[in-house]
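Chemist: The following comprises the amino acid sequence and a computationally predicted model.
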Amino acid sequence: MPTHNPRFFEQLLSTSISRHHYTSTAEWYKHFLDTTNQLTSTLEQAALGGRFSTNMSYAFSAGYQSAIQSLFKPNTRSLSSVCITEKEGNHPRNIKSTLTKHQQSWQLNGSKSFITGANDAKRLYIAVTDKPDSEKHTNEHLEKETTERTVSVRPKIKMLSVLADQLGINIAPMPPLPFVPDISHGIATFEHVNIQATQILEGDGYSQYIKPFRTHEDIHVLAAIIGFRIGEAMDSKWAQSSVEAHLMLLSSLLSLSTDNFSVPTTHIIFSGCRAQFSALIQQTDDEFKQNNAEGFSHWKRDKALLDIANKAHILRTDRAWDYILKSHPSD
């Protein structure tokens, strides 16, 4: 189990921290890097990024960027976006963007319909269907995915790592969402984008990147939002017991190993953390409202973020419990 650096919690509770207002996402990200570069834990990076944030938009961004760092492990940190969703959805069968062999390199063609942080990203992680050279090889690049009711054919998915300003990539902004409005969203089109072998990540794009990213994102974003509320509590002089409750919950999240996010117990523990956080919100929101009415109104608007993909979270938790109970039946 990971051990915590006591100095991290001291830093989190420091009254010398000044929560910042930013004029752009680029300005926020520079400050985020400057303040978290000394931390090796991506969960600590997320929590400290939330602690420095004055709103949920930048707290979410801290969690999102830390999740990308946790899963993709780039050599150099840069403002990044994960590009999966297309017009028909984000299931592997819905991914129509293609990677096709072209002479000594490859070509990327297609589009993505909803990309978080698209307008500010410097690097894109793009899920594509690896299109074979000929029909002869098609069966080599397909695998059967069996469910209780149906047998379907899933295309081979690869994940690319490319610079956002690469020739052939066009990103168009979307209107702001009704919550966390400071986070940009966009759509992207890819036309004959030249891709080198070094830009194609190793392994299966679905099992190694698409499937686990939701868990990495959920856990890191929750750590960042707890950090944000600790910052609000410290600035607004909430009761010490309220700060302690947030710290205890954050400590539980930090105990999870980012290398084992796919194990069933991670989903079960995370479900418990979500339930505790929901109860903690109810217990402490009156303090938030009384001490910072304007900030609380933004919190009420933006906490809708917490309910995104709730059904998927419940499904993952149910599957985790099924696995545990079947693997360890009672006598």
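Modeler: Happy to help now that I have it.
Chemist: From here on, just use CA atoms for contacts and neighbour counts.
Modeler: Noted.
Chemist: Would you map the strands across the stretch 1-150 of the chain?
Modeler: 80-83, 98-102, 105-116, 123-131, 142-146 (DSSP state E, counting those that start in this stretch).
Chemist: any chance of the ones you listed in TSV, plus distance to residue 43 and mean pLDDT?
Modeler: Compiled in TSV, those are given as follows (distance: least, CA to CA, whole Å; pLDDT from 0 to 100):
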stretch	distance to residue 43	mean pLDDT
strand 80-83	17	98
strand 98-102	33	93
strand 105-116	20	96
strand 123-131	20	95
strand 142-146	33	45
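Chemist: and residue 204, which of those strands is closest to it?
Modeler: Set against residue 204 and scored by CA to CA, the strands of the stretch 1-150 of the chain come closest in strand 123-131, at 10.1 Å.
Chemist: ok, the closest one: who's next to it in the sheet?
Modeler: strand 80-83 (parallel), strand 98-102 (parallel), strand 157-163 (antiparallel) (DSSP bridges).
Chemist: Using CSV, write out every CA atom in it.
Modeler: C-alpha atoms of strand 123-131 as CSV (Å, rounded to 0.1, in the frame of the first residue of the first chain):
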residue,chain,number,x,y,z
ARG,A,123,-1.0,16.9,-27.2
LEU,A,124,-3.8,14.6,-28.2
TYR,A,125,-4.3,10.9,-27.4
ILE,A,126,-6.5,9.6,-30.2
ALA,A,127,-8.3,6.3,-30.3
VAL,A,128,-8.4,4.8,-33.8
THR,A,129,-9.4,1.7,-35.6
ASP,A,130,-6.3,0.0,-37.0
LYS,A,131,-7.3,-0.6,-40.6
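Chemist: Run the angle between that strand and strand 105-116 for me.
Modeler: Using axes from the mean of the first three to the mean of the last three CA atoms, to 10 degrees, one finds that strand 123-131 and strand 105-116 are set 120 degrees apart in direction.
Chemist: quick one: contacts of strand 123-131?
Modeler: 78-84, 95-101, 141, 155-164, 205, 210 (CA atoms under 8 Å, 6 or more residues apart in numbering).
Chemist: Let's see that with 6 Å instead.
Modeler: Residues from elsewhere that reach strand 123-131 (CA atoms under 6 Å, 6 or more residues apart in numbering): 80-84, 97-100, 156-164.
Chemist: Give me the buried entries from the residues you listed.
Modeler: 80-84, 97-100, 156-162, 164 (16 or more other CA atoms under 10 Å).
Chemist: Reformat the strands paired with strand 123-131 as TSV; add distance to residue 298.
Modeler: Formatted as TSV, these follow (distance: least, CA to CA, whole Å):
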stretch	distance to residue 298
strand 80-83	24
strand 98-102	40
strand 157-163	33
